[in-house]
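>>> how does the following fold in three dimensions:
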Amino acid sequence: MAVAREPVRVDEIAAALITDDHWMPRDKEHECSLPAMNVLHELLRSWGWLEQRHYNRFVAREAVPLDVLSESERLALQVIQANGGIATAGQINDTLAAKLHVGVEGVSGMLNSSPIFLRFEQALYGVVGQRVSETALAVARQERRWRRSPQAPTVPAGGQPDPDVEGAIGEKDDF
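The predicted model follows:
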């Protein structure tokens, strides 16, 4: 809810809870279960910091500070917002590799386990509760095609450029 600009459906909130590794531990000793949708709906209605919009959509009453996100989530969010609400995994990887020295595996894990990110299609990510224009989607798809083309320079796993490749600037979106 910290990043949502539009009301979020109950099923989207449930999906975010299920993929949140901090809320739902992935070990057998501490298994959690998600309540039925009608129970989750009533639970969300009871939380004073949420406002119900329509029957099954909720939005935060006041802006939630972004410091509830990890540093890598905040940087990925900046990349996505700078690209019209959608970015390739390679664009996100380039930024996190340069600023936090995070490798491809770390970026992939963060994108796939964080409840704020939404995978539109292979290697294209947005943010839950934020709209994406058709133009931004088309630009992101073109960026992904360019990064996959044979002439696109690449960065090996770990985000460190290959010194033997002049102008190595990107990472192929193979995860």
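>>> what about the strands in this protein?
Ranges of strands in the chain, per DSSP state E, are 8-9, 50-53, 57-60, 87-88, 117-121, 124-127.
>>> quick one: contacts of the first one?
Right, the one you point to is strand 8-9. Strand 8-9 is contacted from outside by 1, 56-59, 128-129, using C-beta atoms under 8 Å, 6 or more residues apart in numbering. (Glycine included, C-beta is placed from N, CA and C.)
>>> ok, now the fourth one?
When contacts are defined by C-beta under 8 Å, 6+ apart, strand 87-88 is touched by residues 76, 79-80, 123-126, 140, 143-144, 147, 173.
>>> mind listing the helices for the protein?
Under the criterion DSSP state H, helices of the chain are mapped to 10-19, 37-46, 71-82, 89-100, 104-113, 134-148.
>>> picking that back up, filter the contacts of strand 8-9 down to just the buried residues.
Among the contacts of strand 8-9, the ones that count as buried by 16 or more other C-beta atoms under 10 Å are 1, 56-58, 128-129.
>>> and the least confident of the residues you listed?
Across these, the smallest pLDDT goes to M1, namely 75.
>>> of all the helices of the chain, which one comes closest to P65?
helix 71-82 (10.9 Å; C-beta to C-beta).
>>> quick one, grab the pLDDT at the residue nearest in space to the middle of the chain.
Nearest to the geometric centre of the chain sits F117, at 2.2 Å (C-alpha atoms, centre = their mean). The model reports F117 with a pLDDT of 91.
>>> for the protein, what helix or strand is lowest in average pLDDT?
For the chain, the helix or strand with the lowest mean confidence is helix 10-19, at a mean of 78 (criterion: mean pLDDT, DSSP states H and E).
>>> how far is that one from where the chain is centred?
Taking the mean C-alpha point of helix 10-19 and that of its whole chain, the gap between them comes to 13 Å (C-alpha atoms, centre = their mean, to the nearest Å).
>>> and if you look at stretch 72-89?
Between the centre of stretch 72-89 and the centre of its chain there are 8 Å (C-alpha atoms, centre = their mean).
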